[in-house]
Structures are given as C-alpha cells and as structure tokens.
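>>> need a 3D model of the following:
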Amino acid sequence: MHEFALIEGVMGIVRDSALQNNIRRVERIKLVVGKLSMALPDSLQFAFEAIKAGEELFRQADLEIEEKEIVCRCGQCHQSFAVEDSVSFICPHCGSVNIEIIQGRELYIDCYEGEEC
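Numbers count the residues shown, from 1 in each chain. Below you'll find the predicted structure:
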C-alpha cells in the first residue's frame, strides 16, 4: 500500500511549511488526486487517519481529497472527452487512438490551513 508512503511525504511537506510559517496546528489539508495517479482516495484517507494520531501538529486535521477524472484530447479531431474505464483511450468522436491525456495524472497538495502560534 504505497498510500502510506504518499501520506508520509505529504505530511512531511506540510510539516516543513508549517514550521517555516509559525503554524502550530494544521486544521485541513487538501489533496488533488487524478484517477491515473493510482493513489486510492479511501486508502489515502485511512493512512492519514492512522498517521495523524501520533503527531500533535496534525491531530485535529482533516484531509480533503478532490479526485480528478481522466480527460483526453484527440489529436485527430481535437475534441476533448472523459475516459470512463481508464482502459480504452479511443476518441468516441472519430475513433482515433492519437490522444493526449490532459487531466487525470495529478497528485499534489492544493493547500493547507492551520492556526498560527
């Protein structure tokens, strides 16, 4: 389960930033996770809940996850379309396989909120 390692990394980044900005308690962390990132939101949430209990800085924090759908653009007809099954990357408008993934690989910290010292 690589989600534990991902959450440890997220918490490390937020911890460093909180220390630099005199934040004594983190109240909310927002992650953006694309469906192609292979990070499962439920597993990320589970890992966060398990790890945060051991750290005063995060003990009262909530993890908000915004999941991004897979969106592609066709190189042939230039239409954008959502990919439903993440297996079939074929343009539904013209049948081309010449596509570019324009959304769905995201995995980043959007923001965090906390209380200053």
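>>> note down every partner strand of the longest strand seen in the chain and its orientation.
For the chain, the longest strand by residue count, based on DSSP state E, is strand 23-34. Using DSSP bridges, strand 23-34 pairs in its sheet with strand 62-68 (parallel), strand 107-116 (antiparallel).
>>> which residues sit against the lengthiest helix in the chain?
In the chain, assigned by DSSP state H, the helix with the most residues is helix 3-20. Contact with helix 3-20 is made by 23-24, 26, 29, 31, 39-40, 43-44, 46-48, 50-52, 55, 57-58, 107, 109, 112, 114, as judged by Cβ atoms under 8 Å, 6 or more residues apart in numbering. No exception for glycine: its C-beta is placed from N, CA and C like everyone else's.
>>> if any of these are buried, put those into a ChimeraX selection.
Here is the ChimeraX selection string for the buried members of those, based on 16 or more other Cβ atoms under 10 Å:
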select :23,26,29,31,39,40,44,47,48,52,57,58,107,112,114
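>>> tell me the spacing between the residue lying farthest from the centre of the chain and Arg28.
In the chain, Cys94 marks the outermost C-alpha relative to the chain mean, sitting 31.2 Å out by Cα atoms, centre = their mean. Between Cys94 and Arg28 the distance is 43 Å, computed by Cβ to Cβ, to the nearest Å.
>>> in this protein, which residue is most central in space?
Nearest to the chain centroid, counting by Cα atoms, centre = their mean: Val33, 2.4 Å.
>>> ok, Ile90 touching Val83?
No: look at Ile90 against Val83 with Cβ atoms under 8 Å: they stay out of range, at 9.1 Å.
>>> more neighbours, these two?
Comparing Ile90 with Val83 by other Cβ atoms under 10 Å, the one with more neighbours is Val83, at 20 against 15.
>>> for that one, give its distance to Cys91.
10 Å.
>>> what's the overlap in contacts for those two?
Common neighbours of Val83 and Cys91 (Cβ under 8 Å, 6+ apart) are Cys72.
>>> show me where pLDDT drops low in this structure?
Along the chain, the parts satisfying pLDDT under 70 run over 1.
>>> run through who's touching the very next helix or strand once past the longest strand of the chain.
Once strand 23-34 ends, the next helix or strand along the chain (criterion: DSSP states H and E) is helix 41-52. In this structure, residues lying in contact with helix 41-52 by Cβ under 8 Å, 6+ apart are 1, 3-4, 6-8, 11, 29, 31, 33, 58-59, 61, 63, 65, 67.
>>> much appreciated, bye for now.
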